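1. what shape does this take:
(chains A and B)
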Amino acid sequence: MTEQETRTRSFIHDIIDEDIRSGRFGGRVHTRFPPEPNGYLHIGHAKAICLNSSIAKEYGGKFNLRFDDTNPTKEEQRYIDAIIEDVRWLGADWEDRLFYASDYFQQLYEWAVQLIKDGKAYVDSLSAEEIREYRGTLTEPGRNSPYRDRSVEENLELFEKMRRGEFKEGEAVLRAKIDMSSPNLNMRDPVMYRILHTEHPRTGNKWCIYPMYDWAHGQSDSIEGITHSLCTLEFEDHRPLYDWFLDQLGIYHPRQIEFARLNLTYTVLSKRKLIRLVEEGHVNGWDDPRMPTIAGMRRRGYTPEAIRDFCNMVGVAKSNSIVEFEMLEHAIRQDLNRRAERRMAVLRPLKVVIENYPEGQTEWLEAINNPEDESAGTRTIPFSRELYIEQEDFMEEPVKKFYRLAPGREVRLRYGYFITCTDVVKDENGQIIELRCTYDPETRGGYAPDGRKVKATLHWVSAEHARQAEVRLFDRLFLTENPDDAPEGQDFIANLNPNSLEVVENAYVEPSLAEAKPGDRFQFERLGYFCMDPDSTPEKPVFNRTVALRDTWKKIQQREE
RNA sequence: UGGGGGAUAGUUUAAUCGGCAGAACAGUGGACUCUGGAUCCAUUAGUCGGGGUUCGAAUCCCUGUCCCCCAGCCA
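-> Predicted coordinates:
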């Protein structure tokens, strides 16, 4: 656990405090996360999960996981499985309270019958288009359906026929009888049940009438004894409807509190859009490391702690906002800096031959695993006559402020020796293919006995001992801060970054990485944090770059341009 | 133009209900450093506009402006 113990306060805490003071729920706090299993969870859901589970924890209450599985045409078991895995991975604990709205289908059905008997619901035979016309507009009231005044007996009979499958889809719906002239469109006789001759992942073919979300949600919370039903802003207008249903049924009322959903720059966070990215092949699946999905972030190397920390950092409020992506990057860097062991890897190798180093000799030098954590200990790394350094760590004609290797210049090889570049070898095209250097045997381990300083310390690997690896570098998926801000006639797809994935096929990593397992995270010194990908094979490990290190040199370069 | 919400540094948010507008991220300058990392120090920057009440207003009142959501048999 690296994150702060206490979550930053919010207006929600104020409300809960007040409810506890007034004894509204007998001092109980019980929250829940209610996903629809129609896609993978993303960082926006993480905010809701962290909020709900941490509030339960802080107040000594309970937290439920409940699937809102009321629409079998969009929901699938594989999504249920993925969501369970993600919520668990994030660290939210629902204990034995994993529920499904479909668990309540029978109860909901009975309540619907009760409403019909009370003259509060009716079967409508209008078509979908007709219902829309009758609904009116934002500024004009709706009109009553001609079927609105059917008798209780007729409604009971028709609803029973709906349930038995005697109607085709669209032929009838059950509606609440509220007020077609309400300024709140949700109160204009909302549909409670529609007919769907579709098999449900959990209830199979038991039902062909399925409750609408609005009819299922409030009662599901009520059944579970949820005290504080936290949801996003767009459901604010639905609250009067939930209250109406609960009142008519005479059952327990949770208190719904709405908060603003998370938005992130350079990112889309809507399931509809994420599904398109997956289905149109713009990314390689839901767990593509470029995706803002929990699965994608996990594969990329994010930790649950960093995600929780981030959610805590951005806070909760009611105003629409867009968090800068940098905030997320800060959260993961902060976490990984403290926990990830350091290793050396060279992405774009440039061969260095140390002319005065004995041929065939290998020295095993000690390297610190994590300067932020002494308990991580040390390891040894091999040093030999031929090494690789990073191409960008050498400049034949160094520009100002570049203080890495250059002809005649001395630098330190981390945990190795001081070396001085004596010659530059080029191929027939003038490309630099090799550096000739000399080393100072007195500087073993990277220390100069005479106390002389070098400006730069470079990472390196021994050519003979290094392992080849594939490294995947990710850039932001979208070019624009707001991907929806697309040219006329185009959508967010037009703003995809064509260079969001760069595969480095022939990187070299230090030999100790041969023992790494998929999911292991490291800092490759001076490059960033990396996570071993499940695509790895014993012959060729694959590393995903989670996030680069903060790079002030890059910043200086960009400023010079 | 109906209804529901919202507006505090560049960004995300605090301000214990009228009492010194505080933090994080981002930015900038510096110190330190065997990672141009990390760390440390310093620093730039804010209450949507206009009135009013008050000794005192981000907070209360009036008024205006701007932004978001709602017309699925989606959630």
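
2. look up how far RNA strand B lies from A:Arg472.
-> Here the distance between A:Arg472 and RNA strand B works out to 20 Å (Cβ to the nearest atom of the strand, to the nearest Å). Glycine gets a C-beta too; all of them are placed from N, C-alpha and C.

3. quick one: the residue nearest to that residue when sequence neighbours are not counted from A:Thr139, how far?
-> Leaving aside its sequence neighbours, A:Arg472 sits nearest to A:Asn544 (Cβ to Cβ, 6 or more residues apart in numbering; 5.0 Å). Counting by Cβ to Cβ, to the nearest Å, the separation of A:Asn544 from A:Thr139 is 52 Å.

4. okay, those two: which has more neighbours?
-> When neighbours are counted by other Cβ atoms under 10 Å, A:Asn544 and A:Thr139 differ, and A:Asn544 comes out ahead with 22 against 6.

5. can you pull out the helices in chain A?
-> A:11-22, A:43-58, A:77-90, A:105-117, A:128-135, A:152-164, A:213-223, A:239-249, A:271-279, A:294-300, A:304-314, A:325-339, A:552-560 (DSSP state H).

6. neighbouring contacts of the first one?
-> Okay, so that is helix A:11-22. Contacts with helix A:11-22, where a contact means Cβ atoms under 8 Å, 6 or more residues apart in numbering, come from A:25, A:27, A:29, A:51, A:55, A:59, A:227-228, A:230, A:255, A:257, A:259, A:316-318.

7. run the last query once more with 7 Å
-> A:25, A:27, A:29, A:55, A:59, A:228, A:230, A:255, A:257, A:259, A:316-317 (Cβ atoms under 7 Å, 6 or more residues apart in numbering).

8. try the fourth one
-> By Cβ under 7 Å, 6+ apart, the list of residues contacting helix A:105-117 from outside reads A:121, A:152, A:155-156, A:159, A:174, A:176, A:192-193, A:203, A:207, A:211, A:215-216, A:219, A:223, A:248-249.

9. check the second one too.
-> Applying Cβ under 7 Å, 6+ apart, the contact partners of helix A:43-58 are A:7, A:12, A:16, A:29-33, A:35, A:62-63, A:87, A:90, A:92-93, A:230, A:261-262, A:264, A:269, A:292, A:294, A:297, A:307-308, A:311, A:316.

10. need the buried ones from those residues selected in PyMOL.
-> To isolate the buried subset of these in PyMOL, counting by 16 or more other Cβ atoms under 10 Å, use the following:
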select buried, chain A and resi 7+12+16+29+30+31+32+33+35+62+63+87+90+92+230+261+262+264+269+292+294+297+307+308+311+316
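
11. the contacts of helix A:43-58 also near RNA strand B: which ones?
-> The subset of the contacts of helix A:43-58 within reach of RNA strand B, by Cβ under 7 Å from any atom of the strand, is A:Val316.

12. where's A:Asp103 relative to RNA strand B, distance?
-> Taken as Cβ to the nearest atom of the strand, the span from A:Asp103 to RNA strand B is 14 Å.

13. any idea how many residues pack against that residue?
-> 18.

14. same check on A:Leu277?
-> The burial count for A:Leu277: 22, using other Cβ under 10 Å.

15. gap between it and RNA strand B?
-> Taking Cβ to the nearest atom of the strand, one finds A:Leu277 at 18 Å from RNA strand B.

16. list the contacts of that residue.
-> Per Cβ under 7 Å, 6+ apart, neighbours of A:Leu277: A:Val283.

17. before we move on, the earlier item: and the helices of chain A: which comes nearest A:Glu510?
-> Closest approach to A:Glu510 among the helices of chain A (Cβ to Cβ): helix A:325-339, 18.3 Å.

18. quick revisit: which pLDDT value goes with the residue nearest to A:Arg472?
-> The per-residue pLDDT reported for A:Asn544 equals 98.

19. quickly list what it is bridged to.
-> A:Arg472, A:Cys531 (DSSP bridges).

20. that one and A:Arg290 touch, don't they?
-> No: with contact defined as Cβ atoms under 7 Å, A:Asn544 does not reach A:Arg290; the gap is 9.8 Å.

21. closest residue of chain A to RNA strand B?
-> A:Gly446 (2.1 Å; Cβ to the nearest atom of the strand).

22. for that residue, give me its contacts.
-> Counted by Cβ under 7 Å, 6+ apart, A:Gly446 has contacts A:412, A:414-416.

23. which residue sits closest to A:Lys273, ignoring its sequence neighbours?
-> A:Lys273's closest residue in space is A:Phe492 (Cβ to Cβ, 6+ apart), at 6.2 Å.

24. residues of the stretch 151-300 of chain A that sit close to RNA strand B?
-> A:169-170, A:173, A:183-186, A:190-191, A:194-195, A:210, A:212-214, A:217, A:233-238, A:258, A:260.

25. swap the cut-off to 6 Å and go again
-> With Cβ under 6 Å from any atom of the strand as the criterion, the stretch 151-300 of chain A meets RNA strand B at residues A:170, A:173, A:183-185, A:191, A:194, A:212-213, A:233-234, A:236-237, A:260.

26. by neighbour count, which of the residues you listed wins?
-> A:Val173 (24 neighbours).

27. in the stretch 451-561 of chain A, which spans are strands?
-> Applying DSSP state E, counting those that start in this stretch to the stretch 451-561 of chain A gives strands spanning A:457-458, A:460-462, A:467-474, A:501-509, A:521-524, A:528-532, A:542-548.

28. chain center to the shortest one, what's the gap?
-> It refers to strand A:457-458. 34 Å (Cα atoms, centre = their mean, to the nearest Å).

29. quick one: low-confidence parts of chain A?
-> Across chain A, the ranges flagged by pLDDT under 70 are A:1-7.

30. apply 90 and report the result again.
-> Under the criterion pLDDT under 90, the flagged ranges of chain A are A:1-9, A:486-489, A:557-561.
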